[in-house]
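1. I'd like to go over a predicted model; first the sequence, then the structure.
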Amino acid sequence: MSEQGARFESVKIPGELGWGNPIPPPIAISLPILARPRRLPNILFGLIALVSGLTFAPMGVACLWLLPVLKFSWDFRTLLADAISVAGFPLLLPYGVMLLGAAVTCFRDALRSKKIVLEVTADGLHDHRSGLNVPWSSVQCADIAISGGDKCVDLQLRGVKAGWQNPFRIGVLFHRFWLKPDHVIVPVCHLNVRSHILIHAILTLVHWHGGATVGVSTYRYSSLIPRPR
């Protein structure tokens, strides 16, 4: 272990907010944090996405099939049906395809529930799902983002090009259709480590190494979680 890594054997992160605990005390988390996919949540969400995708995608195909025979009459009922067909194709078909892709991704993650897919270490972040391997000093900014109700971390990199990411993974899906070259999304849901721990461990380590943190109150990292000396 490097000298820097030896100093950071643990990390203090802000405690989780609660109804009766508006300013919770910080909690200590040992490093490294090793996260694996959770089988049951991935299977359940995959089934929901599969059923939804098999519903919306055929509806979108049906709207596409009806486009050549539209009459565009001024009759209200005919005009309403034509408008639904025209609007349904660009909405329903892509949405259905994305959900089917999400279902396949969730099922694949469920099958590798014993494999480590995300590592938060003293030296950097290793996301085996996207091939990301970046030292903390190369993270310019870390932001808490929300994708479809699931939280994730949006990292802006410095001098490192982000690799390809599965656009159907929960946390990336619906978040950004075209990723910027210097940005990468780190999904933290459906893992065996709580999202709160993963998110704030990443943000705290980015803060310790001089990076900016967005999406949280400034005091939580400037005063509550001071950088170790």
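-> Arrived safely.

2. Please, where are all the strands along the chain?
-> 10-13, 27-30, 33-35, 118-120, 124-127, 132-135, 139-147, 150-157, 183-187, 212-214 (DSSP state E).

3. Which among those strands is found nearest to Leu44?
-> Of all these, the one in closest proximity to Leu44, counting by CB to CB, is strand 150-157 (13.6 Å). (C-beta placed from N, C-alpha, C; glycine too.)

4. ok, Leu92 - contacts?
-> Applying CB atoms under 8 Å, 6 or more residues apart in numbering, we find Leu92 in contact with 56-57, 59-60, 63.

5. what's the nearest residue to the residue most central in space within the chain if we skip its chain neighbours?
-> The centroid of the chain falls nearest to Gly171 when counting by CA atoms, centre = their mean (2.4 Å). Leaving aside its chain neighbours, Gly171 sits nearest to Pro187 (2.5 Å; criterion: CB to CB, 6 or more residues apart in numbering).

6. next one: Cys106
-> Gly46 is the one closest to Cys106 (CB to CB, 6+ apart), at 3.3 Å.

7. Next one: the one you found, what pLDDT does it get?
-> What the model reports as pLDDT for Gly46 is 96.

8. now it: how far from Phe174?
-> Counting by CB to CB, to the nearest Å, the separation of Gly46 from Phe174 is 16 Å.

9. now do Pro25
-> For Pro25 relative to Phe174 (CB to CB), the value is 35 Å.

10. who's more crowded, the two?
-> Phe174 (17 against 9; other CB atoms under 10 Å).

11. For this protein, give me the ranges with low pLDDT.
-> 1-8, 18-22, 64-89, 147-150, 176-179, 215-229 (pLDDT under 70).

12. Mind jotting down where the helices sit in it?
-> 3-7, 39-66, 76-111, 195-208, 219-222 (DSSP state H).

13. Include distance to Leu157 when you put those into TSV, please.
-> Formatted as TSV, the helices of the chain follow (distance: least, CB to CB, whole Å):
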stretch	distance to Leu157
helix 3-7	19
helix 39-66	28
helix 76-111	23
helix 195-208	11
helix 219-222	19
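
14. Most tightly packed of these?
-> Highest mean neighbour count of these: helix 195-208, a mean of 22 (counted as mean count of other CB atoms under 10 Å).

15. export it as CSV, just CAs?
-> Extracted in CSV, the C-alpha atoms of helix 195-208 (Å, rounded to 0.1, in the frame of the first residue of the first chain):
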residue,chain,number,x,y,z
SER,A,195,-26.2,3.9,-1.5
HIS,A,196,-25.6,6.5,1.2
ILE,A,197,-22.3,5.0,2.2
LEU,A,198,-21.0,4.7,-1.4
ILE,A,199,-22.1,8.2,-2.5
HIS,A,200,-20.7,10.0,0.5
ALA,A,201,-17.5,8.0,0.6
ILE,A,202,-16.8,8.9,-3.0
LEU,A,203,-17.7,12.6,-2.4
THR,A,204,-15.6,12.8,0.8
LEU,A,205,-12.5,11.2,-0.9
VAL,A,206,-12.9,13.6,-3.8
HIS,A,207,-13.1,16.5,-1.4
TRP,A,208,-10.0,15.3,0.5
